[in-house]
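Asks: below are the sequence and a predicted model; questions follow.
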Amino acid sequence: MKKNFYINNMSSRTQRSGDARSSIGQRPRIGVRGDMRGFTLAEVLITLGIIGVVAALTMPALTASYQKKVLEVRIKKFVSVWKQAVALAQSDGLFDTTILKAGGNGGDIAEEFFNINFAPYMKVTETKKLSRGFSACFPDGSGVYVFPHFYTNFCVNCKDCKDETIHGRGNGKDIFSFYVTGSTEKYATTGLRTQYLRRCPNQKEYCTTLLEYDNWEIKDDYPW
């Protein structure tokens, strides 16, 4: 009896030892639900492709939305600062626009007019006299181009104000035309928005008027 118990006990130990040795160096086998298998290269490439397509579809809209918001903030700030400078210059007995009617070099006239009537009342980071006008940059990255007559252009990005080849009456996107007083072109005494909206695509100065009418916000129907 004791002999049989001893034999059975040793057999059980041997079996357990063998099972332990057979499991050494083997990875545990996990069922389907617990499969820890990594992604294949094909799966990774497909996922990256999907991400790329989604980014390509959404990025233009996000970029356009950001650009519109930057424009709204900067042009609204410019109008406020510019008109305040005009009011302060007038209260000090300045803002004599007769200099704009004088002959001579356009850059010299525009520079003198800006330095007398605007420079003392606003903060600028950079100025540049050009052949036909004068440019000044503001701390937020925007700028202004002063013509040697009654118009001035606001630039969302100041680098555009330093390039005379692109100036005219604005483009309705990142360059906007103002009177030197900070007011905008008016088409009719009624000030109908439909008139400004119709004229904006071909007469860019009315894009500024349209924005002013809409409180310097880019509406959905703005001809961006």
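Replies: Looks like it arrived, so ask away. Residues are numbered from 1 along each chain as shown.

Asks: which helices and strands does the helix or strand encompassing residue 81 pack with?
Replies: Assigned by DSSP states H and E, residue 81 falls within helix 41-91. Contact partners of helix 41-91 among helices and strands, from 3 or more CB pairs under 8 Å, 6 or more residues apart in numbering; DSSP states H and E: helix 106-117, strand 175-179. Glycine gets a C-beta too; all of them are placed from N, C-alpha and C.

Asks: confidence-wise, which helix or strand of this protein is lowest on average?
Replies: When each helix and strand of the chain is scored by mean pLDDT, DSSP states H and E, helix 2-23 comes last, with a mean of 48.

Asks: isn't residue 88 up against residue 118?
Replies: No: with contacts counted by CB atoms under 8 Å, residue 88 stays clear of residue 118, the gap being 9.4 Å.

Asks: pLDDT at the residue nearest to residue 150 when sequence neighbours are not counted, what is it?
Replies: The shortest distance from residue 150 to any non-neighbouring residue, by CB to CB, 6 or more residues apart in numbering, is to residue 180 (5.2 Å). Residue 180 is assigned 92 on the pLDDT scale.

Asks: right, and residue 180 touches residue 154 too?
Replies: No: here residue 180 does not reach residue 154: they are 11.6 Å apart, not a contact under CB under 8 Å.

Asks: so between these two, which is more surrounded?
Replies: residue 154 (25 against 21; other CB atoms under 10 Å).

Asks: for the more buried one, give me its contacts.
Replies: Going by CB atoms under 8 Å, 6 or more residues apart in numbering, residue 154 touches 75, 78, 142, 143, 144, 175, 176, 178.

Asks: quick one: which of those is nearest residue 197?
Replies: Set against residue 197, the nearest of the contacts of residue 154 by CB to CB is residue 176 (15.5 Å).

Asks: do you know how far that closest one is from residue 139?
Replies: Distance, residue 176 to residue 139, using CB to CB, to the nearest Å: 19 Å.

Asks: which of those two has more neighbours?
Replies: Neighbour count, other CB under 10 Å: between residue 176 and residue 139, residue 176 has more, with 26 against 9.

Asks: quick one: the nearest residue to residue 153 once chain neighbours are set aside from residue 92, how far?
Replies: Nearest residue to residue 153, sequence neighbours excluded (CB to CB, 6+ apart): residue 145, at 4.3 Å. Shown here: residue 145 relative to residue 92, a distance of 24 Å by CB to CB.

Asks: check residue 175 too.
Replies: 30 Å.

Asks: now swap in residue 184 and tell me
Replies: Look at residue 184 and residue 92: by CB to CB, they are 25 Å apart.

Asks: neighbour-wise, which of the two wins?
Replies: Ranked by neighbour count (other CB under 10 Å), residue 184 and residue 92 place residue 184 first, with 20 against 11.

Asks: assign the more buried one to helix, strand or coil.
Replies: coil (DSSP: H, G, I helix; E, B strand; the rest coil).

Asks: look up phi and psi at it.
Replies: Backbone geometry at residue 184, expressed as degrees, to the nearest 10, gives phi -120, psi 170.

Asks: what residues are up against it?
Replies: 177, 178, 205, 208, 209, 212.
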